[in-house]
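# Here is my input; please provide its structure:
(chains A and B)
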There are 2 protein chains.
Amino acid sequence: MNTSTGAWTAEQVATMEKLRDAAMQDPYALNQLRHLTDNIGPRLSGSPQAQKAVEYVADQMRALGAEVHLEKTLVPHWVRGAETAELVSWPGMAEGTVQKIVLTALGGSVATPADGLTAEVVVADSFEDLKKLPAGAVRGKILLLNEKFDKRLAAQGDGLSAYGQAVVYRGAGPAVAASLGAVAVLVRSVGNADYRLPHTGATMYAEGLPKIPAAAVTAEDADLLKDLTSQGAVRMHLTLTPQTLPRVQSYNVIADWKGSEHPEQVVIVSGHLDSWDLATGAIDDGAGIVVSMQTIHLLQKLGIHPRRTVRFVAWMDEEQGGSGAETYAEEHASEFKNHVGAIESDLGAGHPIGIIAAGNPQLEEWLGPVAHALVPVGATTVKMSEDAGEDVSFLKGVPQFAPNQDSRFYFNYHHTSADTFDKVVPTELNENAAVMAVLAYALADSVTPAPR
Amino acid sequence: MNTSTGAWTAEQVATMEKLRDAAMQDPYALNQLRHLTDNIGPRLSGSPQAQKAVEYVADQMRALGAEVHLEKTLVPHWVRGAETAELVSWPGMAEGTVQKIVLTALGGSVATPADGLTAEVVVADSFEDLKKLPAGAVRGKILLLNEKFDKRLAAQGDGLSAYGQAVVYRGAGPAVAASLGAVAVLVRSVGNADYRLPHTGATMYAEGLPKIPAAAVTAEDADLLKDLTSQGAVRMHLTLTPQTLPRVQSYNVIADWKGSEHPEQVVIVSGHLDSWDLATGAIDDGAGIVVSMQTIHLLQKLGIHPRRTVRFVAWMDEEQGGSGAETYAEEHASEFKNHVGAIESDLGAGHPIGIIAAGNPQLEEWLGPVAHALVPVGATTVKMSEDAGEDVSFLKGVPQFAPNQDSRFYFNYHHTSADTFDKVVPTELNENAAVMAVLAYALADSVTPAPR
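Modelled structure (predicted):
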């Protein structure tokens, strides 16, 4: 059954199918991902690797014949330093020993003194729990915010909601802790794994409150601290020596596959090029970059020139504030009326079950034929949502899209040292490449633009 | 159906059932495990924590009314130091960057110079593969032995075989690499997880060959090195600063619950008290210690005094040579004719599906009523095997036993920083405690001793 809504001709539907099948066979995305992760490595915004990645991706896009523009954007330049902690006293300890605590500085954290600080640890399981502590209980202490990641929700496929519930502690922890006089703040890692892995991520400071050092401890270390502090006084020596350097110039990589009829009308296909620094950013978000690159590669390879421009964008600095997307939004606001859609992949490379759309509710029906073309990939659903991605959310009024990915395992690895090339399953990567290519083409070549 | 072989009276079978039910309800083992792991911490042989654990366990056994003997044994005293590595050059690198390699020193490794060494990396996927390299290919280089752990075998429940296949690289790697002139050796971690976790473990040096520094890299880092070295020259800076200090005196903790008729006849119930130093040794082998402690606790609590002595043993130094078990074997060899059985638990605390027995094939039938008593626990099988545990294997001629544990997940955590208290499922720990207590009682109170 063809559920055509009249937006595409039979020939166009056949092109979708051709793109889909080509995407499933092509090793381009996987090879690009291997290079980005293994050869270039971690791509924290402001780092030499991020710059190398900008140049590399731009070169690759030029090689395909796309029109490349490097869009300047000022990005944070935060550099991780030493990050160690050990318990120096606790109930029942063997004399003369310490106990190592595994943690990682949160992005943007200030440093402790170079030789660390030592203080008692106070644990609160939630902001609610924190309110119940006696006045002054946190003053001069290291506060651990021990909110647990909801594993059940993640296992049911809604890792994003689990993440949303816990990540407020990472974001607001330093301000809340500082307001109570804490000398440092720890958060239980916002993530799903049980492998003593700390999950980094950006944090924030509040105006008018002291900036205190902030780190994420592993789930195991949080449990340990909870147990030991319930027995008596626990003192920790904590050393974090990150540096916040002046913002540096970086770039969004923009590469246009020009439209044959309406080059001024634009469909964005995108991921973010920066990653955290603990690993090589394969699922966050190398995967989003390379499935977007593969869209341009396939259009070139198959000689497809849609009516409208397909614009590849490698966003810079999604992780530490989204300055790349913000810059784009500022510079292109007047063109948004001609942005017919913006797709972003930033939830890994798990099997896509369909398409997420944010915008006019009519999109759900309108996308029927696209989802139909993706039946062999298993990406058969269209789900309306509030948003479709951090970067494209800056593009106000533009219909936004994302592959709807299986995220059950994403938060096991997200923002950890284990976000590496091997975490991506080649077939699933190509399934996502198929969704990106087919959807981008459909938006760019439809008889009438997507409803907005 | 009672499959009695005549070794136990109906009343004795009822006692087995009482022990079983008590074991499943009692929080003793779990509480002891929490203390050993959270409060005392890592228990590497020769460390203050190992000594603290000796004293703690001895005190707990005395409190139960057991006759405690600390048996002196000299143990290795190896102390982990810094362990860092980074790639300093590789194909396609961003200038001025390094790429971190996650690794951990193997137990017993010698050190690099304090400021590290730098050399090219050569990768061989197996000893077979190594032989195919040109002469001199390894000389002056860092050799990575990249044998993969067989995940399928582990998933099928035979993690021990998968471990056995890969662990020879960890053991023999330094000798093989040194014989080819390598300046250091890396092995792919012998383990099952994909969370950038290095797995430590003991290694060996060969007489007459240089001792070279030895470390385990994570599976991810091994994959990275494999990929990059296939593209061109890769140089690594490697720093390992462990120290091998003089052997120190430590102890096996021996606690006898004296037999009412034949105190000279002994059934051993045991685990090993030392652990690796990266974590707190919950599954390896805190679990084995506490289920053995729980056996004595239950005999005391229920007022059960079997004919023969039930001897709790906390072996020292299983991980770095088994000196505790060796000492015991030397000191008690003349008593082995009166050792009617030796049980060891050293494969974690996964659900037990039955009993492993090593010795006279008649044991399989003889143990029928014991397995029958364990039906509600799900530990219903008796499996004959070559051996039942590293420590009890020193007790030549003595029938040896172990719980037959679900080890599918054991090698995810084994010898890593993630072997922590939370990895033990309380119900499964008690299932193992039930197997240990029922089996120990059955061996100690049977009308005639187990066949040997």
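
# So A:Ala22 sits against A:Leu298, correct?
Yes: distance between A:Ala22 and A:Leu298: 5.3 Å, which falls inside the contact criterion (CB atoms under 8 Å). Yep, even glycine has a C-beta here, placed from its N, CA and C like the rest.

# Could you name every residue contacting both of these two?
A:Ala437 (CB atoms under 8 Å, 6 or more residues apart in numbering or on different chains).

# Residue numbers of the stretch 101-250 of chain A in contact with chain B?
For the stretch 101-250 of chain A, the residues in contact with chain B under the definition CB under 8 Å from any CB of the partner chain are A:102, A:193-197, A:219-220, A:223-224, A:227-228, A:231.

# What about those, which are in helices?
Assigned to helices by DSSP state H, the following of those qualify: A:219-220, A:223-224, A:227-228, A:231.

# A:Ala214: neighbouring residues, count only.
As a burial measure, A:Ala214 scores 28 neighbours (other CB atoms under 10 Å in any protein chain shown).

# Pull out the buried positions in stretch A:248-266.
By neighbour count, with 16 or more other CB atoms under 10 Å in any protein chain shown as the criterion, the buried positions of stretch A:248-266 are A:250-259, A:262, A:265-266.

# need the helices for chain A, in chain order.
Listed in chain order, the helices found in chain A under DSSP H are A:10-25, A:28-34, A:48-63, A:127-131, A:151-155, A:159-179, A:219-231, A:287-301, A:323-332, A:363-366, A:368-373, A:410-413, A:426-445.

# What residues of the last one count as buried?
The neighbour-count check on helix A:426-445 (16+ other CB under 10 Å) flags A:428-445 as buried.

# distance between that helix and the chain's centre?
Counting by CA atoms, centre = their mean, to the nearest Å, helix A:426-445 is centred 19 Å from the centre of its parent chain.

# Check the second one too.
Average the C-alpha atoms of helix A:28-34, do the same for its chain, and the two points are 19 Å apart (CA atoms, centre = their mean).

# low-scoring stretches of the stretch 201-350 of chain A, by residue?
Segments of the stretch 201-350 of chain A classed as low confidence (criterion: pLDDT under 70) are not present in this model.

# How many residues are close by whatever residue of it ends up closest to chain B?
In the stretch 201-350 of chain A, no residue comes nearer to chain B than A:Glu220, which is 4.4 Å away by CB to the nearest CB. Burial measure for A:Glu220: 26 neighbouring residues, criterion other CB under 10 Å.

# now swap in A:Leu278 and tell me
A count of nearby residues for A:Leu278, using other CB under 10 Å, gives 22.

# need the residues of the stretch 301-450 of chain A near chain B, please.
The interface of the stretch 301-450 of chain A toward chain B, taken as CB under 8 Å from any CB, is made up of A:412-413, A:416-418, A:420-423.

# redo that, cut-off 7 Å
Residues of the stretch 301-450 of chain A lying close to chain B by CB under 7 Å from any CB of the partner chain are A:417-418, A:420, A:422.

# Kindly reformat these as CSV containing distance to A:Pro376 and neighbour count.
Conversion of those to CSV gives the following (distance: CB to CB, whole Å; neighbours: other CB atoms under 10 Å in any protein chain shown):
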residue, distance to A:Pro376, neighbour count
A:Ser417, 36, 25
A:Ala418, 31, 27
A:Thr420, 29, 26
A:Asp422, 26, 16
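
# Need these in a markdown table (columns: distance to A:Val121).
As requested, these are exported to a markdown table (distance: CB to CB, whole Å):
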| residue | distance to A:Val121 |
| --- | --- |
| A:Ser417 | 24 |
| A:Ala418 | 26 |
| A:Thr420 | 32 |
| A:Asp422 | 35 |
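
# Can you name the two of the residues you listed that sit furthest apart?
Of all pairs drawn from those, the widest gap by CB to CB lies between A:Ser417 and A:Asp422 and measures 12.8 Å.
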